[in-house]
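[1] Fold the following for me, if possible:
(chains A, B, C and D, ligands or ions: 2)
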Amino acid sequence: MSLYKETLMKHFRNPEYKRDIPDSDFRKDGVNPSCGDSITLYAKCDCNKVKDLTYTGNGCAISMASADILCSVIKDAEAPMELIDDFINFINGEDITFNDKFTVLEVFKEMQQYPARKSCALLPWKTIKALLTEN
Amino acid sequence: MSLYKETLMKHFRNPEYKRDIPDSDFRKDGVNPSCGDSITLYAKCDCNKVKDLTYTGNGCAISMASADILCSVIKDAEAPMELIDDFINFINGEDITFNDKFTVLEVFKEMQQYPARKSCALLPWKTIKALLTEN
Amino acid sequence: MFYIVKGYINKMENLFPFLKKGFIYMDSAATSLKPQSVIDSESDYYKNLAVNTGRGSNKHNYNTTQQIEKIRTQVSEFIGCNNSGEIVFTKNCTDSINMVANSYVRNNIPQNANIVITQLEHHSNYVPWLILSRDLGIESRIVPLKNYNIDYDALEKLVDEKTFITSITGMSNVTGAISDIERVISVCRKKGSKILIDAAQLICHKEIDLNKIDPDFLTFSAHKIYGPFGLGVLYGKSELLKEFTPINYGGNMVSYITNKTEIHYKELPAKLESGTQNSAAIYAFGTTLDLLDKIINIDNENQINSLSRYLIDSLEQVGGITIYSKPGSIISFNIDGVHPHDASDFFDSENIILRTGNLCASPFFTNMEVGGVIRISLSIFNTRDEVDKVIKCIERIKEFFL
Amino acid sequence: MFYIVKGYINKMENLFPFLKKGFIYMDSAATSLKPQSVIDSESDYYKNLAVNTGRGSNKHNYNTTQQIEKIRTQVSEFIGCNNSGEIVFTKNCTDSINMVANSYVRNNIPQNANIVITQLEHHSNYVPWLILSRDLGIESRIVPLKNYNIDYDALEKLVDEKTFITSITGMSNVTGAISDIERVISVCRKKGSKILIDAAQLICHKEIDLNKIDPDFLTFSAHKIYGPFGLGVLYGKSELLKEFTPINYGGNMVSYITNKTEIHYKELPAKLESGTQNSAAIYAFGTTLDLLDKIINIDNENQINSLSRYLIDSLEQVGGITIYSKPGSIISFNIDGVHPHDASDFFDSENIILRTGNLCASPFFTNMEVGGVIRISLSIFNTRDEVDKVIKCIERIKEFFL
Ligand SMILES: Cc1ncc(COP(=O)(O)O)c(C=O)c1O
Ligand SMILES: Cc1ncc(COP(=O)(O)O)c(C=O)c1O
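    Residues are numbered from 1 along each chain as shown, chains lettered A, B, ... in the order given. Ligands and ions are numbered 1, 2, ... in the order given. This is a model prediction of the structure:
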């Protein structure tokens, strides 16, 4: 299955960020309406940058791996909102090239052929977007 | 049009009983649900026999002729309810032969081929039946 | 009768297979005949796509759902609406109107408000409002007729600051008169009344461009515009659809439920579409819309109008006929002194299919001598020859009855 | 796979044309594939009959209406009901259930009454009742599950003298479990509760004879029993249907109106069928019922059950799989440790159509570790060979994920 790339499966099987942050600044729940899968994000923020991000939840490999990868890249982003929008557009079929720090995101390129699973990949990203927009 | 027999048209064009009875014992309105045509019957009754029956109303040739013919035959009927039921069954396709006094009713034989018009022919008969059943 | 596509001349019978059955079909206002390609398209759905849409997580299901959603966009573009989320698929036009009445007006109308309808309405755009106003004890105002048409001056007086909604036909199914929608909408906007256009008849005979006319709601059925049965359309402004409370709950419109009782709905318009949808019908209607672009287009109206003028002229020549219509696709009339149902049998015997009676529009007949009419409704396949046959039949009827 | 009719052996693909598309179709519980003759029949309606029924005074219209009404009789006989006036045609099963809730229960339920449903229900037989009880401030009681099935002992306690209606699935669309209807009805009769059977799934897998079981209401959709989309059925006892207040008003159900406001309705069941009906779908469903007698009959259940046993055996051999079903047409399960949606992609890549997720029955998953299942639903055309392919795919999934 070309969708389930090795990197992606690595993040799913051995997640680095799947835990909560007890003293997080912000918390946000997200739900995938097409299946009911849910995720909770925990964030520490500072000057519009995300200092630390983790997640807990129960979902398919795509959504869990996507969450783990999100947590791993967001900390380095100068402009997190831009990165998030880029990723959302990328999944929705736009031709976006990520800069060096974020090439890992290209593991989702295949998603464009699996439109039914887009909402899984997007769940953590839409949730962080909601979190940042609200706060 | 084989439906519109001469006798029938005679009753429609030159009705004998199309008038009210100001001092009638009973009055009854009937409506044809498929078109909204309406009729009013006026009856004088005595010992389960209909002594006099007339009608007013506005409707198609079939319903008006049927009313006129009803009025003409009902007065002679020993058992009016039976005659009415016979006629209703006849229109609905049963193979009924009427006795000498009522052969005029056979003018409606053709109706069996015009099922869409049955309710027109039946309107006065169902109305008299309702009148007799109620009283 | 022929039609032309890509330079080739085709027989109308190939476009509309029912024409091969030997009837003269003059009842298109009741339901239009279905083009072969639309019929085939509904079959194709079952043969090639088959699944029910909107639910499954599998790929074939997802792709099929996308195709159906594209048709939603096609429908919205067809009426000049640029947000397919404002298109709700329903069972028929009647269902669409009732949905506005029950899901929106019922929950949002203030007690001292009123509702305006007209005496020209089809039962489907009349009874729901009567019942609603009875249930809630509010006033319903019925715009009277003037020369068999809506009395617009009366309408201007009846619509006032307390009018919550004005619901009006875009084209009468009795007379064929096309309503002055611009005028009605401008009155409504001035007074703050919402406006619903019942486009059941209009949709097939006049281009509707929501960029130009701007009602709050517009409703129609697919089956009266060369589409299949079992499909209606409700257009509603998105800010108003948001205020809708569904009446029908169940599959398709619910996303999931947590803790047994917390119900999470899908987004609009799915939220208003409950149970398994008629995807085969939607698919077929997509084919209808393709066809409307290519073959059956607004130009055909000119042809219908000229045939209609010919019919009216011929009826006038026969004499003793009361005509309720101006030239257009629908011509209603009575043969003076002959009950429409008696006439009906004679048309039957000539295999002419037309409609007689109150046409589900009985308010029209209030205080009239007659309780029904004979209605001829013309489409692009009808011919002068057919009109001549109808006229001959009418002459026979007159001879017989008068 | 073959089927036999009049001694001739035919390919299943000729009966169900979608089988030619190269998919393994194991989603018949979502919608059954449509037989060629049923598809053709819907087309035939448009080609040969064409008109909308129930209204016109003309002969062709009358005759066509008669044909449609004969199918109503056929439907009633199919479920052992001897009064076709107790059959209401609706949009789908969801519509039928909502009609009972809104046209009957809503207007007739006393304030101190309660409603009983179960945790095994499809959203369509669950949400309407939740909403109704919220709107009216009455109690809704949800019978819990025991071993993934209705807890009948709990049901006996929850149904009491104040229960107005008990609405229960005849067969679960999650587990495939067939409910003990006799027991439920006898409890309801004892306590005086009305009883609705949601037969959406049951109808296709068990003969229903209303002379034997005697519910007040029974609902289903044509599309889940080899019929077309866009058609539902509501059976209701005539003395109860008489108490229904319509929700949708308009054409077809109104006979005529006098003095602008006195509405005269048609008799039941037309009174509950508003707007132009989907006569083409009804006509096609008549063909379905003919076919059910001839080819697709209850005997086929044995074949499905034996294939199902084979599937369950095979799943158990694979190991590490939680199965929620007993042998029957529906088998739901989870591959332990694999999310159903991840599994879904692998089935897709093998052209296997089945369903994953909450199956519009999310109450089932309350307090469970998982929020969805993989559901295989079998029909008469499925083969051991296909089951083997599914099992291979499951093995690949396990290999990949575990
Ligand atoms: C048990 C059950 N009830 C009700 C329904 C609703 O049927 P429909 O979507 O055809 O209205 C379904 C199918 O979706 C079902 O499986
Ligand atoms: C003007 C008008 N409005 C509404 C309707 C109702 O349409 P439907 O029966 O398809 O719901 C019709 C047709 O019957 C109509 O002519």
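[2] So what's the residue count around residue 132?
    This is for chain A. A:Leu132: 18 surrounding residues under other C-beta atoms under 10 Å in any protein chain shown. All C-beta atoms are positioned from the backbone trio N, CA, C, and that covers glycine.
[3] ah, no, chain C please
    C:Leu132: 21 neighbours (other C-beta under 10 Å).
[4] pLDDT weak spots in chain A?
    A:1, A:34 (pLDDT under 70).
[5] What parts of the stretch 251-400 of chain C come near chain B?
    Contact residues, the stretch 251-400 of chain C versus chain B (C-beta under 8 Å from any C-beta of the partner chain): C:339-342, C:344-346, C:349, C:357-358, C:362, C:365, C:371-372, C:400.
[6] ok, of the residues you listed, which come out buried?
    C:339-342, C:344-346, C:357-358, C:362, C:365, C:371-372 (16 or more other C-beta atoms under 10 Å in any protein chain shown).
[7] Can you pick out the most distant pair from those?
    Distance extremes for those: the farthest pair is C:Phe346 and C:Ser362 at 23.9 Å, using C-beta to C-beta.
[8] Against D:Lys47, how distant is C:Lys21?
    For C:Lys21, the distance to D:Lys47 equals 8 Å [C-beta to C-beta, to the nearest Å].
[9] neighbour count winner among those two?
    Neighbours per residue, other C-beta under 10 Å: of C:Lys21 and D:Lys47, the larger number sits with D:Lys47, 18 against 15.
[10] so the more buried one makes contact with C:Pro17?
    Yes - contact criterion C-beta atoms under 8 Å: D:Lys47 and C:Pro17 qualify, at 4.3 Å.
[11] Name the residues contacting each of the two.
    Residues touching both D:Lys47 and C:Pro17 (C-beta atoms under 8 Å, 6 or more residues apart in numbering or on different chains) are C:Ile39.
[12] Which helix or strand contains the closest residue to chain A within the stretch 151-300 of chain C?
    Here the stretch 151-300 of chain C gets closest to chain A at one residue, C:Tyr256, 3.9 Å apart by C-beta to the nearest C-beta. Secondary structure assignment for C:Tyr256, by DSSP states H and E: strand C:254-258.
[13] before we move on, the earlier item: among the buried ones among the residues of the stretch 251-400 of chain C next to chain B, which are located in helices?
    Under the assignment DSSP state H, these contribute C:340-342, C:344-346 to helices.
[14] Verify the stated contact: C:Leu49 with C:Ile68.
    No - under the criterion of C-beta under 8 Å, C:Leu49 is not in contact with C:Ile68, lying 9.0 Å apart.
[15] Let me see the contact set for whichever residue of chain A sits closest to chain B.
    Nearest residue of chain A to chain B: A:Pro33, at 47.8 Å (C-beta to the nearest C-beta). Under the criterion of C-beta under 8 Å, 6+ apart, the neighbours of A:Pro33 are A:119, C:255-256, C:264, C:266-267.
[16] Could you break chain C into its assigned domains?
    As given by automatic domain parsing, the domain ranges for chain C are C:2-30+C:297-401, C:40-293.
[17] Out of these, which is the most enclosed?
    domain C:40-293 (a mean of 21; mean count of other C-beta atoms under 10 Å in any protein chain shown).
[18] so how far is that one off the chain centroid?
    Centroid separation between domain C:40-293 and its chain, computed with C-alpha atoms, centre = their mean, to the nearest Å, is 10 Å.
[19] Figure out the length between the terminal residues of that domain.
    From its first residue to its last, domain C:40-293 covers 18 Å (C-alpha to C-alpha, to the nearest Å).
[20] and the stretch 251-400 of chain C, which of its residues are near chain D?
    Contact residues, the stretch 251-400 of chain C versus chain D (C-beta under 8 Å from any C-beta): C:251-252, C:254, C:256-261, C:263, C:274-281, C:340-341, C:344-345, C:347-348, C:353-358, C:360, C:362-363, C:366, C:371.
[21] thinking again about what came up before, sec struct for the residue of chain A closest to chain B, please.
    coil (DSSP: H, G, I helix; E, B strand; the rest coil).
[22] One more: the one 3 residues further on?
    Assigned by three-state DSSP, the conformation of A:Gly36 is coil.
[23] where does C:Gly85 land on pLDDT?
    Per-residue confidence (pLDDT) for C:Gly85: 97.
[24] Does it touch C:Lys266 like I think?
    No - counting by C-beta under 8 Å, C:Gly85 stays clear of C:Lys266, with 11.6 Å between them.
[25] Tell me where chain C has helices.
    C:12-15, C:36-44, C:59-78, C:93-99, C:106-108, C:127-136, C:152-158, C:181-191, C:238-241, C:279-294, C:300-318, C:340-349, C:384-401.
[26] which one of those helices lies closest to B:Ser72?
    Among the helices of chain C, the nearest to B:Ser72 by C-beta to C-beta is helix C:340-349 (20.7 Å).
[27] What is the closest one packed up against?
    helix B:61-74, strand C:355-357, strand C:373-377, helix C:384-401, helix D:59-78 (3 or more C-beta pairs under 8 Å, 6 or more residues apart in numbering or on different chains; DSSP states H and E).
[28] do the longest one and ligand 2 meet at all?
    No - using C-beta under 6 Å from any ligand atom as the criterion, no contacts between helix D:59-78 and ligand 2 are found, and the smallest distance is 13.4 Å.
[29] Which strands and helices lie in contact with that helix?
    Under the contact rule (3+ C-beta pairs under 8 Å, 6+ apart), helix D:59-78 is packed against helix C:340-349, strand D:87-90, helix D:279-294.
[30] hmm, back to that, right, so of the domains of chain C, which gets closest to D:Asn147?
    Using C-beta to C-beta, these put domain C:40-293 closest to D:Asn147, at 18.3 Å.
[31] mind listing what's buried in the longest helix along chain A?
    Longest helix in chain A by number of residues (criterion: DSSP H): helix A:118-134. Going by neighbour count (16+ other C-beta under 10 Å), the buried part of helix A:118-134 is A:118-129, A:131-132.
[32] Mind putting those residues into CSV with distance to chain B?
    Shown next, in CSV, are the buried residues of helix A:118-134 (distance: C-beta to the nearest C-beta, whole Å):
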residue, distance to chain B
A:Lys118, 55
A:Ser119, 53
A:Cys120, 57
A:Ala121, 60
A:Leu122, 57
A:Leu123, 57
A:Pro124, 62
A:Trp125, 62
A:Lys126, 57
A:Thr127, 60
A:Ile128, 64
A:Lys129, 61
A:Leu131, 63
A:Leu132, 65
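[33] Quickly name whichever of those is closest to ligand 2.
    A:Ser119 (35.2 Å; C-beta to the nearest ligand atom).
[34] So which bits of the stretch 1-150 of chain C are right by ligand 2?
    Residues of the stretch 1-150 of chain C lying close to ligand 2 by C-beta under 6 Å from any ligand atom are C:92-94, C:122, C:124-125.
[35] Mind checking if the strand holding C:Tyr256 is in reach of ligand 1?
    No - between strand C:254-258 and ligand 1, judged by C-beta under 6 Å from any ligand atom, nothing touches; the nearest distance is 11.1 Å.
[36] okay, the angle between that strand and helix D:127-136?
    70 degrees (axes from the mean of the first three to the mean of the last three C-alpha atoms, to 10 degrees).
[37] In chain C, where is pLDDT below threshold?
    C:1-9, C:55-56, C:296-299.
[38] In contact with the residue of it found nearest chain B, which residues are there?
    Here the residue of chain C nearest chain B is C:His339; by C-beta to the nearest C-beta that distance is 3.8 Å. Contact analysis of C:His339 by C-beta under 8 Å, 6+ apart lists B:37, B:59-61, C:372.
[39] can you redo these as TSV with distance to D:Leu145?
    Formatted as TSV, the contacts of C:His339 follow (distance: C-beta to C-beta, whole Å):
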residue	distance to D:Leu145
B:Asp37	59
B:Gly59	62
B:Cys60	62
B:Ala61	67
C:Gly372	58
